[in-house]
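Student: Provided below are the primary sequence and the corresponding predicted coordinates.
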Amino acid sequence: GLTIGGRGEVDLKLHIPSGHPELNTVDGNVRMRDAPIASSKWDVKLDDGNGVLHFDQHGFQAKDFSVSEDGNAGSLSLAIGEPVVDDANTLELVLKLPVTVKQLLRRVPNVAFLGETISGRSDWNISLSIPKADSQKSPQLKLASKLVGTTVALPVPIGKDAVTERSLEILLPLPAEGREYRLDYDGVLTHIGRVPRANQPYAARFDLGSKLAGPMPDAGIVVGGRARELDATGWIAFAVGLTGGGGGAGLRGVDVHADALVIGESRVPDVNVAMSFAGKGTHVELAGASVQGSIDIPRDLARAGITVHLPILHWPAPPEKPKTDDDAGETRSPFAPSSAPPMHIWVGDLRVGKAEFGETRIETRPTAAGMRIDTLDARSPMFHLSANGDWNGSPANNRTALDLELTAPDLGRVLEGFGFKGLIEGGSTEA
């Protein structure tokens, strides 16, 4: 049950007509000061309760009772008996309090890892409803917030800054063990899960968008749905980090569609991304008009490296940026060349903007100074390019040195494909 401690000032009115017990009435108020409010059963523990509790023969009611938790001020509204809004309930409690997402996710320990990506504090409405004893319903906890003040450090489309408003609602039946709960995140993500118990493992489904794209698995986590934008690099890194490269953290599979797959500053339209997690690592399948094929990321990434096998890769031209004086002489990179794992890349038909590279192979390996490019070979109807060399340095200052061999029956056409139209007309070339 719920207990309210401390001392209060009581104002009580009794009406007891002689010989008519059916007309008896009780009406009163209790003004509480700095009262502790607690329920071990429902994990409620509040301090500094101040306000008026009204009671009569039909029940109890408190509106906007001021309370605090860990020094954070909030308010509590409580109804027991007839004052409840829903006649099917015997108790309704609404707590308005600024809390962190980490505090709330402790109720669902199998998704507590999400708390590591979320920081800040927001105003929350925490509602508890307990049905009448003869009801078939279960007690339910509802958590709702606009998340102003909370930063979600996850890739697009889930991430947000502390200023942006996004609604989050969680419905959790109580007691939670073995029960299904639901989460809705501003139409961007829909999630259902089952809290584990002794004979039943944790199971969950996360779907991009406002509706579920399939059933919840018997065990583990699956991800699906559709997004207008999807940060491919960020989500693959996040998934590999969760699984350690091979099926950990209960992540069983991913199958999502992106209207625009965002990779760095480029956007590839209409791509389906499927991921599976075998014992040896992560397997990614890409399917779309502009990209088709697979990427394999092993658990032993530093030794085995990443293998890319793409029959088709038509990459959009990088967006043009206006040059500034600060750009002169700078060779910046988002990462150090030596931090990249070995790369084994084969593309059957590589195009970057209007440039057609044809069948392309790239083999690289890290070195103490940076990256060794053992093979860079591109063969198209217009040219054959073969190169090897080194990319060395730091993210702020790096340098590429390559030995190139280029054969082209019409160098002018080749340069036109690279954006240098009219620079050379014709010209059989071997260099």
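Tutor: Right, received. Where do you want to start?

Student: quick check: mean pLDDT across stretch 100-120?
Tutor: The predicted model assigns stretch 100-120 a mean pLDDT of 72.

Student: what's opposite residue 39 in the beta bridge?
Tutor: residue 44 (DSSP bridges).

Student: hang on, it packs against residue 46?
Tutor: No: Residue 39 is beyond contact range of residue 46, at 9.5 Å (criterion: CB atoms under 8 Å). Bear in mind the C-beta positions are built from the backbone N, C-alpha and C, glycine included.

Student: and those two? Which one has more around it.
Tutor: Neighbours were counted for residue 39 and for residue 46 using other CB atoms under 10 Å; residue 46 has more, 20 against 14.

Student: how about the contacts made by that one?
Tutor: The neighbourhood of residue 46, defined by CB atoms under 8 Å, 6 or more residues apart in numbering, consists of 36-38, 67-69, 76, 95.

Student: residue 390 now?
Tutor: 367, 369-373, 400-401.

Student: please repeat the previous calculation with a cut-off of 6 Å.
Tutor: 372, 401 (CB atoms under 6 Å, 6 or more residues apart in numbering).

Student: what about it, distance to residue 333?
Tutor: 14 Å (CB to CB, to the nearest Å).

Student: what do you get for residue 139?
Tutor: 55 Å.

Student: and what of residue 255?
Tutor: Distance, residue 255 to residue 333, by CB to CB: 32 Å.

Student: do residue 151 as well
Tutor: 26 Å.

Student: okay, and the residue lying closest to residue 385 once chain neighbours are set aside sits in which element?
Tutor: Nearest non-adjacent residue to residue 385, counting by CB to CB, 6 or more residues apart in numbering: residue 378, 4.4 Å away. Element membership for residue 378 (DSSP states H and E) is strand 370-379.

Student: how about that strand: buried residues?
Tutor: Under the neighbour-count criterion of 16 or more other CB atoms under 10 Å, strand 370-379 has 370-373, 376-378 buried.

Student: out of those, who's nearest residue 362?
Tutor: Residue 362 has its nearest neighbour among the buried residues of strand 370-379 in residue 376, at 5.4 Å by CB to CB.

Student: quick one on the thing from earlier: mind picking the two most distant members of the buried residues of strand 370-379?
Tutor: 370 and 378 (21.8 Å).

Student: what sits against the residue nearest to residue 385?
Tutor: 357, 360, 385.

Student: and for residue 346?
Tutor: Taking CB under 6 Å, 6+ apart, one finds 309, 361 in contact with residue 346.

Student: likewise residue 314?
Tutor: 290, 351.

Student: how close does it get to residue 293?
Tutor: 12 Å.

Student: and residue 117, what are its phi and psi?
Tutor: phi -100, psi 0 (degrees, to the nearest 10).

Student: so how many other residues sit close to it?
Tutor: 15.

Student: before we move on, what about residue 265?
Tutor: Residue 265: 9 neighbours (other CB under 10 Å).

Student: per-residue pLDDT of it, please?
Tutor: Residue 265 is given a pLDDT of 80.

Student: contacts only, for it.
Tutor: Contacts of residue 265 (CB under 6 Å, 6+ apart): residue 319.

Student: quick revisit: just the buried subset of the contacts of residue 378, please.
Tutor: For the contacts of residue 378, buried by 16+ other CB under 10 Å: 357, 360, 385.

Student: that's all I had, so thanks and see you.
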